[in-house]
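Asks: Fold the following, please.
(chains A and B)
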Amino acid sequence: MTDQLALFQQELQKAKQQRSPQGILDLIPYSSFIGAQAKPERDEVLYWLDRRASNIGNPSLPAIHGGVIGGFLELSAAVEILYTLDVKLMPKVVDFSLDYLRPGRYKTIYANCTVLRQGKKLVNVTATAWQDNPETPIATARCHFLIS
Amino acid sequence: MNLKLAIFKPLLKLAMERTGHGAALGFELTRVGRGEVEMTFPYKPEVVGNPVTGVVHGGVIVSLLDTACGSAAITTLTKPAITPTMDLRLDYMHPAEPYQPIYVSAKVYRDTSNVLFCRGSAWQDDPENPIAHCVATFMKVETESVSLGNIIRRRFKRLVYGDKAYEQEADR
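Replies: Numbers count the residues shown, from 1 in each chain, chains lettered A, B, ... in the order given. Predicted structure coming up:
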């Protein structure tokens, strides 16, 4: 356990020094399960999820599974904290609230996150997902994380 | 139990467990009733969110609860319709134990003409001590695209074209 923790922190430090949010995603098995990717873009991080059949929820549209959109945004929010804040442990999610605005069509989903407030223990992050145009989001999420 | 639900139950189970993300996650719908659904999810190392502790990612809980609530919502319908999620709110009470299955239950507690109100819970050894609970709301949108004929047609297409069928539908 302590070995794994030391390894995680070492890899996390390395990814941050290399300015590679993708390096942080690579530490989390769930990211490759859904296929989440990330890159720094200007002063933000762009997260994206290319389409794949194993992320489909409603085959009749076809549309991306609502749970995948939620999972992707929660993952992005956690990576945003690890990447932008000085934390050494995986943030613990306390609550997560998601509004679905449009169906997630069977194509790439993009997202970005904003840390709205950082306290000593608690962080509030919002995440927005879109497909064609950032002006027409498909979902917005708001989450609280405990950090240490 | 009425005949419609008797035919519908195995179809819903099949649709949820064998297609897309449901198949990738590998959960099982253990009970389907009118407005009520129960599921079991076995532990999977592929969906770990914390590499240090081996705890599954919160996104898995989101998918499980969304599927359970969504399935419960569908069972209340009396006409061909879809039930897109409007919003979903989750509270994580404590982290899941790694290597243990997760149980999920969902219930529609209010059925109105346009909106379905649903709550769900995920636990491991004690339903009274859940990992997470959620509330979700769903719209009722009537559409013929989910009629039996259309479902069979699309199933057939997928048998012939495999995953390419999704791309054809999406690009159409």
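Asks: for the closest residue to residue A:117 other than its chain neighbours, what are its contacts?
Replies: Leaving aside its sequence neighbours, residue A:117 sits nearest to residue A:124 (C-beta to C-beta, 6 or more residues apart in numbering or on different chains; 4.5 Å). For every residue, glycine as well, the C-beta is placed using N, CA and C. Counting by C-beta atoms under 8 Å, 6 or more residues apart in numbering or on different chains, residue A:124 makes contact with A:115-118, A:142-144.
Asks: before we move on, what about residue A:104?
Replies: Taking C-beta under 8 Å, 6+ apart, we find residue A:104 in contact with A:63-64, A:66, A:68-69, A:129, A:131, A:138-139.
Asks: re the thing from before, got a winner among the contacts of residue A:124 for most neighbours?
Replies: residue A:143 (26 neighbours; other C-beta atoms under 10 Å in any protein chain shown).
Asks: Put the alpha carbons of stretch A:89-104 into CSV.
Replies: Provided in CSV are the C-alpha atoms of stretch A:89-104 (Å, rounded to 0.1, in the frame of the first residue of the first chain):
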residue,chain,number,x,y,z
LEU,A,89,-3.7,12.1,-2.7
MET,A,90,-6.6,11.2,-4.9
PRO,A,91,-9.4,13.6,-4.1
LYS,A,92,-12.5,12.0,-2.5
VAL,A,93,-15.8,12.8,-4.2
VAL,A,94,-18.5,13.8,-1.7
ASP,A,95,-21.4,14.7,-4.0
PHE,A,96,-22.0,15.0,-7.7
SER,A,97,-24.8,16.7,-9.5
LEU,A,98,-25.4,16.4,-13.2
ASP,A,99,-27.8,18.2,-15.5
TYR,A,100,-28.3,16.6,-18.9
LEU,A,101,-29.1,19.3,-21.5
ARG,A,102,-28.9,17.5,-24.8
PRO,A,103,-28.5,13.9,-25.8
GLY,A,104,-24.8,12.8,-26.2
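Asks: Centre of the chain to it, how far?
Replies: 9 Å (C-alpha atoms, centre = their mean, to the nearest Å).
Asks: Among the contacts of residue A:104, name the ones in helices.
Replies: Members of those lying in helices (criterion: DSSP state H): A:66, A:68-69.
Asks: Which of these ranks first by neighbour count?
Replies: Neighbour counts for the ones in helices among the contacts of residue A:104 (other C-beta under 10 Å) peak at residue A:69, which has 31 neighbours.
Asks: Ramachandran angles for the closest residue to residue B:86 other than its chain neighbours?
Replies: Nearest residue to residue B:86 in three dimensions, chain neighbours excluded: residue B:137, at 4.5 Å (C-beta to C-beta, 6+ apart). With angles defined as degrees, to the nearest 10, residue B:137 sits at phi -120, psi 140.
Asks: between the contacts of residue A:104, which is nearest residue B:9?
Replies: residue A:66 (21.8 Å; C-beta to C-beta).
Asks: my guess is that closest one contacts residue A:72, does it?
Replies: No: look at residue A:66 against residue A:72 with C-beta atoms under 8 Å: they stay out of range, at 10.6 Å.
Asks: how many neighbours does residue B:53 have?
Replies: Neighbours of residue B:53 under the rule other C-beta under 10 Å: 17.
Asks: what about stretch A:108-128, distance to the chain center?
Replies: Centroid displacement of stretch A:108-128 relative to its chain, using C-alpha atoms, centre = their mean, is 9 Å.
Asks: buried stuff in that stretch?
Replies: With burial defined by 16 or more other C-beta atoms under 10 Å in any protein chain shown, the residues of stretch A:108-128 counted as buried are A:109-113, A:118, A:123, A:125-128.
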